[in-house]
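Engineer: got a structure for you, letters missing:
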């Protein structure tokens, strides 16, 4: 009986470059049985979802807080059910939420790959230390998935 | 590969208004990949199921006890396998079972949304404090599901 | 979206009467979305499987031991993935394995129903005490499943 | 080697009558090896702790929210490490937090005793249904602890 | 730094012979760092505790049920925190509660030793199959503990 | 409703003989509902995957380390979701990774079968001691699966 | 019996200001039963521990990697056994390891308090969203601990 | 309040050289708050404990089997409660039990250090890959413990 497993891969982190698109395209071209899932990547929606749906807040802190929790219903659920996570750090913004996701994955024994420029190596050493692979380019992530799923180099 | 996840949403609490119908209708109209599950909402069946199936009791306490456990086989199973729970408090009755479900969900790290009138805010502050969102209207719940699942505001 | 959950029900215990057949027939007649699973109920196979497959033993203890472990690969796997277990005690034999399964289910928070003659009530009080329902007849189990799954009395 | 276990008992719920004092006194008189723990029972402190320590809020909802979370650091920690919980429902106030604690305890397999007037039996049937004992008077709780710990009736 | 671990050993099952005393004496004579814990072994107290503390019942089933749950607060707590369990089956009574405890221990990965006459081997094969040792005499249990704890044969 | 469970079986260990093929053929001939999963069994790919995808290393230790972690993303995920594992020890190489997988499976309560020559019995006694069956030939594994899944000897 | 619980509090994050000393001093002055634990806060030791003990590396990546894992033996162990964590973000450095610890704590249901300047609120909204309290000053953390442990405002 | 944690360290594997003594001596000289625990290291006792206590076996397989399970009561209990494990591979014998312990520790998220000659690096790459440190000499293990516990290089 052929292996019919669908692998769920959670793509966490940076939302300002097209790394998710590159991985999506690579996965499709390779025909991998992968379901890619992500947080909401529209910046404005992600920031405003809580206040927009549940009511506006005077304080920016509670505006953010409501949004963060609404987003967490999505991200936590998808991350927890992922087989593998990819954690992307870009060169802009601090992306503490990406590091948070990495810690969450580590605590749940969900294997993850980090994806970032080598210039960030030292600052990310704890996050990389718990990763199963440290990649620099989206195509390396695609190759990792192809190897992990199909054994093809 | 398109996301084909079906989200299971458990609707806990009040059984005397049509809030479940409103959410069901909203979910259907939005075409969301959501499976809505609920406790048995027929009040008489819910009260009498234990004695009806397993034998009558002289004592009302054991009549209730048998029924509560039979219902728990349903509610516990459905709640445990839900991705998200909605906990509804109405203005009549005490709905301790809804608060019980909220505590159960919190302990199992199942994210939940509370749905109640703001007049109950202070009395429900611990239950709301562990919630991921506090809504007043069923349509807000539908909007939350749409955003959480599809990222659409 | 209609509820499409399949409920897995593990039928543990006595293998000398037709209670499993009665439940199977009742579940089919009611058209319930239930998958019934059981240990191997052929007594001779169940006793001899270990020695038959893995090699004969001089000692009856190790003959039994090998068989018990081979059977456990089936029973443990099926019980662990069940939504509900039914634990049947007959009037012959001690069926300690049924009580073992009940303890196992309790420890894993799998709800279970016991099925036995009231004459055994006192001797089974600890096992019944952790059960969600205590039934005397297979048709009560079918009614419980119908209520738990469909809410129909 | 004599049993030197200290049993931790969490006393959840109503804060307006002296039931905790009665249990404390009973436990001391019986010389039981019990450590009783509780939420903060000073009503004003419990309501205001968040805003008082972390900064005032204009909105009563967020005032409550901050307080609820600060209290939860205490209650969740103490409840999770308890051997047994006692869940008290009084005749005033809704005490949804008590039912929340019961659900939390049930999900964590922490055995609990409910303590309430029989007039509440029907409304509390789900919460009682998952309890290991349903008591009406604090002295019954003390007797339960004495029996559970020392085997003395 | 010398090993200062205290091993907790739960003694489950038969209450009509002096096997617990023999183990207790053996453990004391060997000076082992063992804390022995047990269910309440006074038969009458164990049967009546629920009704005696919480109120009499007309029905023998509920009389038993209340007692079983009160006892479970003790037994479940002690068993869950044990390092090792000893499960004793005597030649009288069915001791389904002992088999229940064995299943509970197995599900929680608590290693257990069974203690019974070889005449029961076939009937207990599933319970023995999940045991770490099968003993016939209490002194063997003491020797096991001495070896497991101190490495002394 | 017929049992439609697909059993996932993880084949761990030796990659230099055709034991996996034999089991695959046997499972197919028997028409068993089994999905067989394995680590990558191409030796060179398995050794070089890390460096090949993520970049070459000067040190053989880190070359191995990168590869081991990339492989672990596959093996850990497949093993964790298996119903049963088969752990094969050949007569060449040390196959510590097979023993590692056995320990991993034991800790996660995944039942496993060992498959090896009796000459290795003494050296493998701890690994065999936690196994549910010890087989010598691949066809015995097929027979075990047929019995466990279908109850057929 | 007085509450004799010792609360373990893990202090994660920034190592360049004296916030740990302030909390330590405040806890001591208040006489709180708190054991404060931390990562190694000597920057050079923390960076070099792996290579210093286990051997030098030519590559800075592996130098960091070895150190990160050695430090993780300390931090993971202490964080996992903490009752409460405090996660500090300073204004210099990215402190992704602090966000990693927050995610780890969240996944393990360990309540945590964040401690940072309000200027970081927006960037930290996901990390704050899962926190039980958001503080700006070390003395607020001390007051939180005093309230959580002793109920004193 | 000073850190009063006692760290439990499990020393697994080879029993034919004095590496345990070297670590013990080093830990004592450094005055570390460490409790070192180990399997029974007397080879003959370890092999014969099962048969010696529970009765002789004609078959060497069952002789070994009984012994392996009795030893597992010790090793499993001590390993599960360890903060850190050290897994030692010598140059003689296959020490599959050491690799088994490593897999067990990895599955339970217990950090471990391997201790072996670099000549074994390639064969142990999967076991090393999941380790937090790879050491060659017992004194490195002592230094690791001193750093992890006290932060001293």
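Structural biologist: Received, thanks. On a predicted model such as this, the values are computed, not experimentally measured, just so you know.
Engineer: use CA for all of it now, contacts and neighbours both
Structural biologist: Will do.
Engineer: what does chain A put close to chain F?
Structural biologist: Proximity of chain A to chain F (Cα under 8 Å from any Cα of the partner chain) is limited to residues A:1-3, A:83-84, A:111, A:132-135, A:140, A:143-144, A:147-149, A:151-153.
Engineer: which other helices and strands does whichever strand or helix holds residue A:87 contact?
Structural biologist: Secondary structure assignment for residue A:87, by DSSP states H and E: strand A:84-88. Counting contacts by 3 or more Cα pairs under 8 Å, 6 or more residues apart in numbering or on different chains; DSSP states H and E, strand A:84-88 packs against strand A:7-13, helix A:96-107, strand A:112-115.
Engineer: and the shortest one, anywhere near chain G?
Structural biologist: This points to strand A:112-115. No: with Cα under 8 Å from any Cα as the criterion, chain G is not reached by strand A:112-115; the gap is at least 12.7 Å.
Engineer: neighbouring strands - and their directions - for that strand?
Structural biologist: Strands that pair with strand A:112-115, judged by DSSP bridges, come out as strand A:84-88 (parallel), strand A:133-135 (parallel).
Engineer: let me know the average pLDDT across the helix or strand that that strand is followed by.
Structural biologist: Downstream of strand A:112-115, the first helix or strand assigned by DSSP H and E is helix A:125-129. For helix A:125-129, the mean pLDDT works out to 98.
Engineer: what do you get for stretch A:107-117?
Structural biologist: Rounded mean pLDDT across stretch A:107-117 is 98.
Engineer: and the closest residue in space to residue A:94 that isn't next to it in sequence, its phi and psi?
Structural biologist: Leaving out its chain neighbours, the residue that sits closest to residue A:94 by Cα to Cα, 6 or more residues apart in numbering or on different chains is residue G:94, at 6.5 Å. Taking degrees, to the nearest 10, you get phi -90, psi -20 for the backbone angles of residue G:94.
Engineer: count of residues packed around residue G:94?
Structural biologist: 18 (other Cα atoms under 10 Å in any protein chain shown).
Engineer: nearest to chain H within chain A, name that residue for me.
Structural biologist: Scanning chain A for the residue nearest chain H gives residue A:109, at 8.2 Å (criterion: Cα to the nearest Cα).
Engineer: name the residues of stretch A:71-83 that are buried.
Structural biologist: A:71, A:72, A:73, A:74, A:75, A:76, A:77, A:78, A:79, A:80, A:82, A:83 (16 or more other Cα atoms under 10 Å in any protein chain shown).
Engineer: quick one: the residues you listed as a markdown table, columns for secondary structure, pLDDT and distance to residue H:119 too.
Structural biologist: Converted to a markdown table, those look like this (DSSP: H, G, I helix; E, B strand; the rest coil; pLDDT from 0 to 100; distance: Cα to Cα, whole Å):
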| residue | secondary structure | pLDDT | distance to residue H:119 |
| --- | --- | --- | --- |
| A:71 | helix | 98 | 50 |
| A:72 | helix | 98 | 48 |
| A:73 | helix | 98 | 49 |
| A:74 | helix | 98 | 48 |
| A:75 | helix | 98 | 45 |
| A:76 | helix | 97 | 43 |
| A:77 | helix | 98 | 44 |
| A:78 | helix | 98 | 43 |
| A:79 | helix | 98 | 40 |
| A:80 | helix | 97 | 39 |
| A:82 | coil | 98 | 37 |
| A:83 | coil | 98 | 34 |
